[in-house]
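S.K.: Sharing a sequence plus its predicted fold:
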Amino acid sequence: GAEGLGFDLMSSRVKCFSEEISGNTLVVGTYEVFESTSSQQSMPVEIQVTDPMEKVLHSKEDVAKGSFAFTTTIAGDYILCFHNKGLTSVQDQRHVKFTMKHGIDAKDYTHMMNSDHLSPLQTNIVKVRDQLTAIYDEMIDMVHTPHPAPPIPGSGSPACPARTRLPHVPLRPSSSRALTVMP
């Protein structure tokens with residue numbers, strides 16, 4: 001299974017993550033919020049998932065555990081945010097763990113194998129076909145998506161973009177996609 005990402009979230013803080021995802025792609029995620037051992041009272045944590053047009057796709061308040069699933073309509077950065085609504089004066093910390101899978105990683109091939117009565121070999125063939133289709137679709141997206149030119153050193157461009165891409169920080173170990181952590 002996929003390992004998730006875990007982090008600590010202090011009172012009154014928001015932590016957001018984004019991932020660039022192609023259009024017409026299945027996305028599934030799970031999350032769990034744990035109270036810190038020194039916690040005196042339960043403070044609510046809110047989760048929100050938005051699309052590149054800032055439309056809210058999933059929103060829950062006072063969560064302890066949950067999941068979400070949707071199919072993207074457009075390509076772009078999909079943002080997942082956690083907000084610890086605890087009072088700053090209490091300094092109540094929560095530990096959050098989540099996974100987010102998309103595309104082939106989100107597809108349940110075991111269910112397909114059982115419901116369609118496929119052999120393990122047939123299921124692997126379907127999986128390889130899906131992987132090739134995903135690679136082809138990504139290549140088509142890359143060709144049709146304009147990419148901004150990188151800033152020229154010394155041209156007066158800001159040294160720090162609004163969001164920083166962290167290379168080689170995948171949401172799951174098998175991913176080669178970069179994750180963006182936003183302050």
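M.R.: All right, it came through fine.

S.K.: can we go C-alpha only for contacts and neighbour counts from here?
M.R.: Noted.

S.K.: quick one: average confidence on stretch 19-34?
M.R.: Here the mean pLDDT over stretch 19-34 is 89, rounded to a whole number.

S.K.: then it to CSV, C-alphas only?
M.R.: Listed in CSV are the C-alpha atoms of stretch 19-34, where the atom choice follows Å, rounded to 0.1, in the frame of the first residue of the first chain:
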residue,chain,number,x,y,z
GLU,A,19,-0.1,18.6,-6.8
GLU,A,20,-0.4,19.2,-10.6
ILE,A,21,-2.9,16.7,-12.0
SER,A,22,-4.2,16.2,-15.5
GLY,A,23,-7.8,16.7,-16.5
ASN,A,24,-10.2,13.7,-16.4
THR,A,25,-8.2,11.9,-13.7
LEU,A,26,-9.5,10.0,-10.7
VAL,A,27,-8.2,11.3,-7.4
VAL,A,28,-8.7,9.5,-4.0
GLY,A,29,-7.4,10.5,-0.6
THR,A,30,-7.6,9.5,3.0
TYR,A,31,-6.7,11.5,6.1
GLU,A,32,-6.6,11.0,9.8
VAL,A,33,-6.0,13.6,12.6
PHE,A,34,-4.5,12.6,16.0
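
S.K.: which parts of it are buried?
M.R.: Taking 16 or more other Cα atoms under 10 Å as the basis for neighbour counts, the residues of stretch 19-34 that come out buried are E19, I21, S22, T25, L26, V27, V28, G29, Y31, V33, F34.

S.K.: Throw those into TSV and include distance to S11 and secondary structure, thanks.
M.R.: Supplementary listing: the buried residues of stretch 19-34 in TSV, determined by distance: Cα to Cα, whole Å; DSSP: H, G, I helix; E, B strand; the rest coil:
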residue	distance to S11	secondary structure
E19	25	strand
I21	30	strand
S22	34	coil
T25	34	coil
L26	32	strand
V27	29	strand
V28	27	strand
G29	24	strand
Y31	18	strand
V33	13	strand
F34	13	strand
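
S.K.: Quick check: the farthest pair among these?
M.R.: When the buried residues of stretch 19-34 are compared pair by pair using Cα to Cα, the farthest-apart members prove to be S22 and F34, with a separation of 31.7 Å.
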